[in-house]
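J.: Take this sequence and fold it.
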Amino acid sequence: MGLFLATVFGFLTVMGIAGSVMMYYFNTAMDSHDAEKIDPRPEHY
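T.: Okay, the predicted model is just below:
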């Protein structure tokens, strides 16, 4: 039972770290504050 809990908690920790790193890099690489310069919004929106 101890090995199972250690495996589950370790897996959840690794997945949490990997997910937070991915979200950090997605937020920095996909900065869209100037997206309307590249692709303007349609007039009838």
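J.: model confidence over the longest helix along the chain, on average?
T.: Longest helix in the chain by number of residues (criterion: DSSP state H): helix 2-29. Averaged across helix 2-29, pLDDT comes to 93.
J.: just how off-centre is it within its chain?
T.: Centroid separation between helix 2-29 and its chain, computed with Cα atoms, centre = their mean, to the nearest Å, is 11 Å.
J.: What residues of it count as buried?
T.: Counting neighbours by 16 or more other Cβ atoms under 10 Å, one finds that helix 2-29 has no buried residues. Using the backbone N, CA and C atoms, a C-beta is placed for each residue, glycine as well.
J.: I'd like to know how far the residue nearest to the spatial centre of the chain sits from residue 37.
T.: In the chain, the C-alpha nearest the mean C-alpha coordinate belongs to residue 23, at 2.0 Å (Cα atoms, centre = their mean). In this view, residue 23 and residue 37 are 25 Å apart by Cβ to Cβ, to the nearest Å.
J.: So which elements touch the longest helix of the chain?
T.: On a contact count with 3 or more Cβ pairs under 8 Å, 6 or more residues apart in numbering; DSSP states H and E, helix 2-29 meets no helix or strand.
J.: I'd like the distance between residue 42 and residue 34.
T.: Taken as Cβ to Cβ, the span from residue 42 to residue 34 is 18 Å.
J.: got it, and residue 8?
T.: 43 Å.
J.: Same check on residue 17?
T.: 31 Å.
J.: can you pull the contacts of residue 38?
T.: With contact set as Cβ atoms under 8 Å, 6 or more residues apart in numbering, residue 38 has no partners.
J.: Quick check: pLDDT value at it.
T.: 74.
J.: What's the separation between it and residue 29?
T.: 15 Å.
J.: likewise residue 19?
T.: Distance from residue 19 to residue 29, by Cβ to Cβ: 16 Å.
J.: Next: residue 21.
T.: Distance from residue 21 to residue 29, by Cβ to Cβ: 12 Å.
J.: Kindly report the same for residue 14.
T.: From residue 14 to residue 29 the distance is 22 Å (Cβ to Cβ).
J.: Same check on residue 44?
T.: For residue 44, the distance to residue 29 - Cβ to Cβ - is 31 Å.
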